[in-house]
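S.K.: sequence unknown, structure follows:
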């Protein structure tokens, strides 16, 4: 688990002393170290950066300039087009879309059509895309097929993993590849499978040894099953599409294991650059918290209590305490269980509260990575104890794609 460092708190306070909180930062030394660790774990296979975990063009450019990274995995068609028009030449849309205007724009522009690959797991999605083309929209659409990676146990009565693609069997994936290939204006170029139940679930939960052991057992079973099924699916699709360009898999928590599969040609990762709190509980890697936000102390209601402005920034997913930001620096603060993280104010309890004055900062880590950027217009980039640049988030550029 990542432990707070008092030296980092003093450094962040000095670096941002000229700025008013609330504010968000990215520690570039930690960001770059995390990038190096992802490359090391990928073992020579390129890493496609998940943009939803970064949501800042400047930082996407920074990481893609590093050896070992190639391409972006985007999350909406509008974002994909915006990134492609911004100069990113290889954008894989990780989710199916119903954006008819976006598909018309994509099909009508040869440069966009060459830069963006869309996700398909149902013939009805091809119908929607075709219905979106206008008279000029004749350019070939690059298509990626998504394989369902979920683990099925007890004859399918128990499912472990996200409900994503309906394409589970290799034969079904190959059938859709035939359907796409036979349809004018489309070309299959890739396969994707995101094993979120392995890559996105920590296996070393503090104080829960039995559950941690159960998760490790589940993940070992899931990796073995998926590796065999994914290899079979790739063989089946390559029989239809011999010139398949890529097979994407993985995620921050499973980089090393997924990269070991011969069938996989590239790895997807993004959260491992910022290392939010949900990525503390892994045995496979140790990252450095790189993205933080600070809230100012505005009240001192009593002994052992301070109140900061705002802070109620829950992450998506099943509601629970693990979706809340965690008070990080100074170490030892916790939420009031009767109030939690509030929309406009957040009381924090603990002995460190007595050393905090009005105007001091409390530094938080978000539960997830890129969702932090939906709350802030800018990220202040820190090197040492100085802010060396301030860059806009997607929100700061007026872009809110979801």
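M.R.: Nice, I can see it. These numbers come from a predicted model, not from an experiment. Numbering: from 1, shown residues only.
S.K.: how close does residue 14 sit to residue 333?
M.R.: Distance from residue 14 to residue 333, counting by C-beta to C-beta, to the nearest Å: 20 Å. C-beta: built from backbone N, CA, C; applies to glycine.
S.K.: More neighbours: those two, which one.
M.R.: residue 333 (24 against 14; other C-beta atoms under 10 Å).
S.K.: Was I right to think residue 316 contacts residue 368?
M.R.: Yes: counting by C-beta atoms under 8 Å, residue 316 touches residue 368, with 6.9 Å between them.
S.K.: Looking at the two, which is more packed in?
M.R.: More neighbours surround residue 368 than the other of residue 316 and residue 368, with 22 against 10 (other C-beta under 10 Å).
S.K.: quick one: what helix or strand has that one in it?
M.R.: Assigned by DSSP states H and E, residue 368 belongs to neither a helix nor a strand.
S.K.: Could you measure from it over to residue 57?
M.R.: The value you get for residue 368 to residue 57, if C-beta to C-beta is used, is 19 Å.
S.K.: that's a helix at residue 187, yeah?
M.R.: No: counting by DSSP: H, G, I helix; E, B strand; the rest coil, residue 187 is not found in a helix; it is strand.
S.K.: Quickly list what it is bridged to.
M.R.: The partner list for residue 187 in beta bridges (DSSP bridges) reads residue 142.
S.K.: cool, and the one 5 residues further on?
M.R.: With DSSP bridges applied, residue 192 shows beta-bridge pairing to residue 146, residue 248.
S.K.: what's around it, how many residues?
M.R.: 25.
S.K.: thought it was touching residue 96?
M.R.: No: if you go by C-beta under 8 Å, residue 192 and residue 96 don't touch, sitting 11.4 Å apart.
S.K.: Need the overlap of contacts for these two.
M.R.: Listed as contacting both residue 192 and residue 96 by C-beta atoms under 8 Å, 6 or more residues apart in numbering are residue 119.
S.K.: where does residue 92 land in three-state SS?
M.R.: strand.
S.K.: Was I right to think it contacts residue 115?
M.R.: No: using C-beta under 8 Å, residue 92 is not in contact with residue 115, being 10.1 Å away.
S.K.: quick one, which of those two is more surrounded?
M.R.: Neighbours of residue 92 and residue 115, each counted by other C-beta under 10 Å, are more numerous for residue 92; the result is 25 against 21.
S.K.: For the more buried one, give me its contacts.
M.R.: Residues in contact with residue 92 (C-beta under 8 Å, 6+ apart) are 48, 71-74, 116-117, 119, 144, 190, 192, 248.
S.K.: Apply 10 Å and report the result again.
M.R.: Neighbour list for residue 92: 48, 50-51, 71-74, 80, 116-119, 142, 144, 189-190, 192, 246, 248, 266, 268 [criterion: C-beta atoms under 10 Å, 6 or more residues apart in numbering].
S.K.: Okay, and which of the residues you listed map to helices?
M.R.: Among the contacts of residue 92, the members found in helices (DSSP state H) are residue 80.
S.K.: Please, a ChimeraX command that selects the buried ones among the contacts of residue 92?
M.R.: A single ChimeraX command suffices to select whichever of these are buried according to 16 or more other C-beta atoms under 10 Å:
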select :48,50,51,71,72,73,74,80,116,117,118,119,142,144,189,190,192,246,248,266,268
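S.K.: Inside strands: which ones of the contacts of residue 92?
M.R.: Among the contacts of residue 92, the ones falling in strands (DSSP state E) are 48, 50, 71-74, 116-119, 142, 144, 189-190, 192, 246, 248, 266, 268.
S.K.: Pull the number of nearby residues for the spatially closest residue to residue 396 that is not a sequence neighbour.
M.R.: Take residue 396 and drop its neighbours on the chain: the residue closest to it by C-beta to C-beta, 6 or more residues apart in numbering is residue 377, 3.7 Å away. For residue 377, the neighbour count with other C-beta under 10 Å is 15.
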